[in-house]
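Chemist: return atomic coordinates for the entry below.
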Amino acid sequence: MPSRLSSHRVLRALCVYGIAALGGSLTLGASAQGSVPDVAAYRDALAASALPQEVKAAVQARIDQAPDDFLRLLEAVLADRRADPMLLYKVDKAKALPAGYAPADLIGLDGTGLSVSRPGHRLRAAAFHALKSMSDAASADGVILEVSSSYRSYEYQVEVFARNVKELGRDKAEMVSAMPGHSQHQLGEAVDFGSITDAFAGTKASKWLVANARRFGFSLSFPKGMTDVTGYAWESWHYRYIGKAAAALEGRYFGGVQQYLMLFLDAFTS
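Modeler: Numbers count the residues shown, from 1 in each chain. Presented below is the predicted three-dimensional model:
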């Protein structure tokens, strides 16, 4: 079984599956012939991924219940990644960002109507617009989403990590903060909300985000009880923008765990 799989093979599989079977919702640029689904592409990716075997089985069981929806969302996710390779870049303890990476499309949050803890917050354009829409929806429900941290440069993360090591020791610091070059904040797609403490989980803002964030393309990065998977302690305040299609795919098929989705997608080469 190959350890990596071309996304072009997935596109071919989707074409074989048939646009008609997906309700005509996809435009793939190729005629769909035949009615027998070719699911070898995503099955190979699932098998090649670093997901635990029991998780692979659970994901496959969910796919079996709604294969049309899964393939539709998967194609949308792969299209998003082709358009913006950094949108779904897996950055974690094992995989760093490209050396010197800094987003080119950062937008300042000051004066935009968003609630911010201090001046100077920035996000990538897509994340900013999604956050604005999400903040407006929350406000209509009587909830204020305060941004407490957003984009961090590599250099700033050096300071953050060093401060945590000094205060907590190396082992504890690595549980609560990323090493420089390994932070989702450097992507310009991550947002910390509210107090940045466990107390945030009990707030109206947190409960609203849990119920609604995926509708706007945001995903909780470090869920409770998932330290063995994510490498980090629970952070109820830390959300990453991954796009609406990926957020839906994660929620419906990957147990709502962002890292599971990232491990699956990492099995596809661009």
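Chemist: rest of the way, CA atoms for contacts and neighbours
Modeler: OK.
Chemist: residue 157 reaches residue 180, doesn't it?
Modeler: Yes - if you go by CA atoms under 8 Å, residue 157 and residue 180 touch, sitting 5.2 Å apart.
Chemist: which parts of this structure are helices?
Modeler: 7-17, 40-48, 53-65, 67-83, 125-140, 154-168, 170-176, 204-212, 227-230, 244-253, 258-265 (DSSP state H).
Chemist: where does this protein have low pLDDT?
Modeler: 1-39, 269-270 (pLDDT under 70).
Chemist: any idea which residue sits dead centre in it?
Modeler: Of all residues in the chain, the one closest to the mean position by CA atoms, centre = their mean is residue 242, 4.0 Å from it.
Chemist: which residues does that residue contact?
Modeler: By CA atoms under 8 Å, 6 or more residues apart in numbering, the contact list for residue 242 reads 87, 88, 189, 217, 218, 219.
Chemist: the fourth one contacts residue 246, correct?
Modeler: It refers to residue 217. Yes - counting by CA under 8 Å, residue 217 does reach residue 246; the two are 7.3 Å apart.
Chemist: which one's more surrounded, the two?
Modeler: When residue 217 and residue 246 are compared on other CA atoms under 10 Å, the one with more neighbours turns out to be residue 246, at 28 against 22.
Chemist: need the contact partners of the biggest strand by length in the chain.
Modeler: Using DSSP state E to define each element, the chain has its longest strand at strand 235-241. Around strand 235-241, the neighbours that count as contacts under CA under 8 Å, 6+ apart are 87, 127, 130, 184, 189-198, 200-201, 206, 217-224.
Chemist: filter these to the buried ones?
Modeler: The neighbour count (16 or more other CA atoms under 10 Å) marks 87, 127, 130, 184, 189-194, 196, 200-201, 206, 217-223 as buried among these.
Chemist: can you flag which of the residues you listed belong to strands?
Modeler: Per DSSP E, the subset of those in strands is 190, 191, 192, 193, 218, 219, 220, 221, 222.
Chemist: residue 149 against residue 189, yeah?
Modeler: No - applying CA under 8 Å as the test, residue 149 and residue 189 come out as separate, 10.8 Å apart.
Chemist: overlap in contacts, those two.
Modeler: By CA under 8 Å, 6+ apart, no residue touches both residue 149 and residue 189.
Chemist: quick one, domains of the chain?
Modeler: Domain ranges of the chain: 5-83, 106-241, per automatic domain parsing.
Chemist: for residue 264, find the nearest of the ones you listed.
Modeler: Closest of the domains of the chain to residue 264 is domain 5-83, at 5.3 Å (criterion: CA to CA).
Chemist: report how many residues lie close to the closest residue to residue 116 other than its chain neighbours.
Modeler: In space, and not counting its chain neighbours, residue 116 is closest to residue 147: 4.7 Å by CA to CA, 6 or more residues apart in numbering. Applying other CA under 10 Å, we find 21 residues neighbouring residue 147.
Chemist: do the same with residue 91
Modeler: Residue 91, neighbours per other CA under 10 Å, totals 21.
Chemist: which residues touch it?
Modeler: So residue 91 contacts 97, 182, 183, 184 (CA under 8 Å, 6+ apart).
Chemist: TSV for those, including distance to residue 164?
Modeler: Shown next, in TSV, are the contacts of residue 91 (distance: CA to CA, whole Å):
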residue	distance to residue 164
97	21
182	15
183	14
184	17
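Chemist: of those, which is the most crowded?
Modeler: residue 184 (25 neighbours).
Chemist: assess the claim that that one and residue 191 are in contact.
Modeler: No - between residue 184 and residue 191 there is no contact under CA under 8 Å: 9.1 Å.
Chemist: pretty sure residue 59 contacts residue 252?
Modeler: No - using CA under 8 Å as the test, residue 59 is too far from residue 252 to be in contact (9.1 Å).
Chemist: on that earlier part again, name the nearest of the ones in strands among the buried ones among the contacts of strand 235-241 relative to residue 142.
Modeler: residue 193 (16.1 Å).
Chemist: quick one, what contacts the closest one?
Modeler: So residue 193 contacts 145, 146, 147, 148, 149, 237, 238 (CA under 8 Å, 6+ apart).
Chemist: which one is residue 182 nearest to, not counting chain neighbours?
Modeler: Take residue 182 and drop its neighbours on the chain: the residue closest to it by CA to CA, 6+ apart is residue 96, 4.7 Å away.
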